[in-house]
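Chemist: Got a predicted structure here, sequence first:
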Amino acid sequence: MALTDEAFDAGVVDLDPAGGAPPLAGKELTRYRPDEAGRIRAAAELAAAAHDGQRRESGEPYIAHPLTVGRILIAIRMDADAVCAGLLHDAIEDTGVSEHELRERFGSVVAELVQGVTKISQLRGQSRTVQKAETIRKMLLAMARDVRVIIIKLADKLHNMRTLEYLVPQRRKRIAEECLEIYGPLAGRLGMYRIKSELEDLALRVLQPAVYEQLRRFVTQRREDRHRYLLRIRDLLADRAAERGLDLEVQSRVKHFYSIYRKQRDRGKAIDEIHDLFGIRVLCAHAGRCYEALGLIHSLWPPMEGRFKDFIAMPKSNGYQSLHTTVMGPDGRVVDVQIRTRDMDRTAENGVAAHWLYKQRQRRGTEPSIITKLREWDASGDTPATPDPNTPEFFEHVKREILRDSIYVFTPRGDVIELPRGATPIDFAYHIHTEVGHRCRGAKADGAIVPLGSELANTQVVEILTASNARPTLRWLQFARTSRARTKIRQWLTQNDPDLILDRAIVAKRSAAAQAAEPAPAPAPGRRRARSAGDPQTILDPDKMAVRAGGFDDLMINFARCCAPASGDLIVGYVSRGKGITVHRTDCRDLLAIRDLDERRIDVAWESTSPKQTFSFRIVAGETAHLFSEIESGLRKIGAHLIAGKLEEGEEAARRGMFTVEVEPGTDRAAVLKNINAIPAVHRIDVA
């Protein structure tokens, strides 16, 4: 099957169809040298011949997929080796083409890139399984060696997501969840926001079709009004800029659907209550002009307090630079504004691909920090997380520490420290120095004393208070979010406390009442949800709800997955050798199979560790698909926070639930209960 120039160049690459922007054409090979263009065409010819006769689930010839992957890579200006590898990325796995043949015809770089993508694609594990953990480990190590492997994989995933409707529902859902959990965050960590946005929108369309359609209709209905309004802003800004001699390019933009969905979910508001859905982007000649443009914009429209961010002076860890501000525009409408240079804009769209790091061999420190970190791990032979890659905990840890965005905090001397979002003063202390961590007795953030387990915020000035007699405690393992801090704490506890039992991330303290007590892994930070179709059935925030075991409150607890205990359940603890204290519901059927339960049984009880006031309530409600979401939304509206809860089937199609909330001191509990009782599905509510 021969490919003509017209066949190769047909079609367009549209990386942002939801935003209404014109399609981004990237087929032409004129930016490549003649020899590079020839290699790309040869790769397309080989791919067409190798996949001849194969068809996709849609029924179209399989060659359509590698050609589209190649076009996406051309559109984001990848080098010829990456484009060739993208065109041939399925050749080794799905055809008779060998790695040796690729090496002979296209060179070792292309062969290694194809082999790297092939190894990743051969491990298609389910979410939160050992196989997926191994997939992520291999993927991260591949990134460490050559970031182009992941860029090719992102292009492959993007086209697959665009054609997902041809797959069976279960497979569609699995791939969409994988995009939200892995590939979207990976694209973000690499600064590739156009691909990240489209992946997230396409995943939302599969996982929440009704929400997606509502957002699509809302954005479409407001398009003309939005266009006229933004033209007013653009024209006024352009006129004032011309008066000052500023050369500015003003573009309008709309937040992508998944971003709007997250705003709704996080703020607990309906879509028509979210006002900052659109804005403008101002492109300038150089960084100095960006600050002049900022001053001009603030002179025209008042800025909203707390909504300014300077990512030019302090770029994100993926290289993103821009000024962000939110103003109260004409007619009292909220407008988001981004101000950046044209070079910054190219970086913001395509991230690491915009710099061709692999070709330019830039100095360390100029590449996204995730790559630098992974290279250090790869060089040391370490893995990018404390848990064993053969355990499900590895995947959760990677999502928390590697795929999560970074924050930047300052030392009192002005040094910048990068930490994963969610990091605590304990993580900061051990990042500074091991001994600073060991001797930590307290911390200040922006001059105020903060708890050691509190989350640090971006740009805070953090000071660690030390004392010669201070020492790590078991509770610090609950506070620590980074591998370094957890490893150092465990090492110190093992060496200095003979009553401790340690096995990887498992630690517990012996007591006179339970000499055989052994530890269990700490719950992963953030909420633990057990899901069914639709809403979650349990919620537990381990940072706010804990279990007291055997008279001690500093033991590390593991919750049994067979019965998923939640706050309010009657529970019992079992001390298992090598696995620690596992908490079961007292009515768990698996307890019947434990022969030595009586000998290893330990009393456990729920307790709140929230620094705020907490109370619990019970409800009886009718059947509804989104009761949990409605309760969370109702609590957020009055400043309360759900930290634990569970719904179970009751009699006569009713649902019974127990919930624990935290509120600010002085909050009227009756007002909280009244707000929840107003939910149509709730029949009765009582204080527990």
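Modeler: Arrived safely.
Chemist: Please count neighbours and contacts with C-alpha atoms only from this point.
Modeler: Will do.
Chemist: contacting residues for the residue nearest to Asp94 when sequence neighbours are not counted?
Modeler: Take Asp94 and drop its neighbours on the chain: the residue closest to it by CA to CA, 6 or more residues apart in numbering is His51, 8.0 Å away. Neighbouring residues of His51 by CA atoms under 8 Å, 6 or more residues apart in numbering: 62-63, 91, 94-95.
Chemist: Using the three-state scheme, assign Gly639.
Modeler: Recorded secondary structure, Gly639: coil (DSSP: H, G, I helix; E, B strand; the rest coil).
Chemist: Please determine how far the residue nearest to Asp94 is located from Arg600.
Modeler: 60 Å (CA to CA, to the nearest Å).
Chemist: Then Pro315?
Modeler: Between Pro315 and Arg600 the computed distance is 53 Å (CA to CA).
Chemist: Neighbour count: those two, which is higher?
Modeler: A direct count of neighbours by other CA atoms under 10 Å for Pro315 and Arg600 places Arg600 higher, at 17 against 14.
Chemist: Was I right to think the more buried one contacts Thr582?
Modeler: No. Using CA atoms under 8 Å, Arg600 makes no contact with Thr582, being 10.6 Å away.
Chemist: mind checking pLDDT for Phe410?
Modeler: Looking at Phe410, its pLDDT reads 88.
Chemist: what about it, how many neighbours?
Modeler: Phe410, neighbours per other CA under 10 Å, totals 19.
Chemist: Now do it against Val436, distance only.
Modeler: 16 Å.
Chemist: In CSV, list the C-alpha atoms belonging to stretch 57-72.
Modeler: Extracted C-alpha coordinates of stretch 57-72, given in CSV (Å, rounded to 0.1, in the frame of the first residue of the first chain):
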residue,chain,number,x,y,z
GLU,A,57,-12.6,-1.4,16.0
SER,A,58,-14.2,1.4,14.0
GLY,A,59,-13.8,-0.6,10.8
GLU,A,60,-11.3,1.8,9.2
PRO,A,61,-7.9,0.7,8.0
TYR,A,62,-5.5,0.4,11.0
ILE,A,63,-2.9,2.7,9.3
ALA,A,64,-5.2,5.6,10.2
HIS,A,65,-4.1,5.3,13.8
PRO,A,66,-0.3,5.5,13.4
LEU,A,67,-0.7,8.2,10.7
THR,A,68,-2.7,10.3,13.2
VAL,A,69,-0.2,9.7,15.9
GLY,A,70,2.5,10.9,13.5
ARG,A,71,0.5,14.0,12.6
ILE,A,72,0.0,14.9,16.3
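Chemist: my read is Ile426 is in a strand, agree?
Modeler: No. Assignment of Ile426 by three-state DSSP gives helix, placing it outside any strand.
Chemist: what about Arg471, neighbour count?
Modeler: Count around Arg471 with other CA under 10 Å applied: 17.
Chemist: I'd say it and Glu435 touch.
Modeler: No. Using CA under 8 Å, Arg471 makes no contact with Glu435, being 9.8 Å away.
Chemist: just the helices in the stretch 251-400 of the chain please.
Modeler: Secondary structure of the stretch 251-400 of the chain (DSSP state H, counting those that start in this stretch): helices at 257-267, 287-300, 342-350, 357-360, 369-380, 392-401.
Chemist: Can you flag the weakest of the ones you listed by average pLDDT?
Modeler: helix 357-360 (a mean of 44).
Chemist: Show me where the stretch 201-350 of the chain dips below the pLDDT cut-off.
Modeler: 266-270, 272-276 (pLDDT under 70).
Chemist: Let me see the ranges of the strands in it.
Modeler: 249-254, 278-284, 309-310, 323-328, 334-341 (DSSP state E, counting those that start in this stretch).
Chemist: Show me the contact partners of the lengthiest helix in the chain.
Modeler: Counting by DSSP state H, the longest helix found in the chain is helix 223-243. With contact meaning CA under 8 Å, 6+ apart, helix 223-243 is reached by 247-248, 250-252, 278-280, 293, 296-297, 329-330.
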